[in-house]
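Asker: build the 3D model from these lines:
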Amino acid sequence: MLNAQTPPHVKRQRFREKLESGELLRFPGAFNPLSARLIERKGFEGVYISGAVLSADLGLPDIGLTTLTEVADRAAQIARTTELPAIVDADTGFGETMNVARTIQTLEDAGLAGCHIEDQVNPKRCGHLDGK
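Answerer: I've put the predicted structure just below:
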């Protein structure tokens, strides 16, 4: 599998344009580069990279144990293989305000078109688990 021909800055621009259009965008979850290519082949508008799936892939529960490096590395592997914009679950941003700024820069450097960050600080309580 070769890398995508579309550079990340173009993917980001296309993603912004699609967001501004108000159309429904479908971003199925990709857990590896192959699944991202299949999502692209089926005609979806983008790729979503789930924090819960990344945690499970590493054999960890989804309670904030993954590191920025682990998330960025896997997200980069996925993002670089598809022509589609990819967004990733950036958990709680991996720390305080300065850490969040570094997280955003790292994910941008990894080729992501966007991310989302939890509305809570560590230790987070996942909505799909008991106790939230």
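Asker: need the helices for the chain, in chain order.
Answerer: Residue ranges of the helices in the chain, as given by DSSP state H, are 8-21, 33-41, 51-57, 68-79, 97-109.
Asker: the fourth one to helix 97-109, inter-axis angle?
Answerer: Spelled out, it's helix 68-79. 20 degrees (axes from the mean of the first three to the mean of the last three Cα atoms, to 10 degrees).
Asker: which outside residues touch helix 68-79?
Answerer: Helix 68-79 is contacted from outside by 8, 11, 30, 32-33, 36, 47, 49, 51, 54, 57-58, 86, 88-91, 94, 99, 102-103, 106-107, 109-113, using Cβ atoms under 8 Å, 6 or more residues apart in numbering. The way it works is simple: take the backbone N, C-alpha and C, and place the C-beta from them, glycine included.
Asker: most tightly surrounded among the helices of the chain?
Answerer: helix 68-79 (a mean of 20; mean count of other Cβ atoms under 10 Å).
Asker: so for Asp119, which of the helices of the chain sits nearest?
Answerer: Closest of the helices of the chain to Asp119 is helix 97-109, at 12.7 Å (criterion: Cβ to Cβ).
Asker: pull that closest one out as PDB, backbone CA atoms only.
Answerer: The C-alpha coordinates for helix 97-109 follow below in PDB (Å, rounded to 0.1, in the frame of the first residue of the first chain):
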ATOM      1  CA  THR A  97      -3.300  23.500  28.300                       C
ATOM      2  CA  MET A  98       0.300  23.500  27.000                       C
ATOM      3  CA  ASN A  99       0.000  19.700  26.500                       C
ATOM      4  CA  VAL A 100      -3.200  20.200  24.500                       C
ATOM      5  CA  ALA A 101      -1.400  22.700  22.200                       C
ATOM      6  CA  ARG A 102       1.400  20.200  21.700                       C
ATOM      7  CA  THR A 103      -1.200  17.500  21.000                       C
ATOM      8  CA  ILE A 104      -2.800  19.500  18.300                       C
ATOM      9  CA  GLN A 105       0.500  20.300  16.700                       C
ATOM     10  CA  THR A 106       1.600  16.700  16.900                       C
ATOM     11  CA  LEU A 107      -1.600  15.500  15.300                       C
ATOM     12  CA  GLU A 108      -1.300  18.100  12.600                       C
ATOM     13  CA  ASP A 109       2.200  17.000  11.900                       C
END
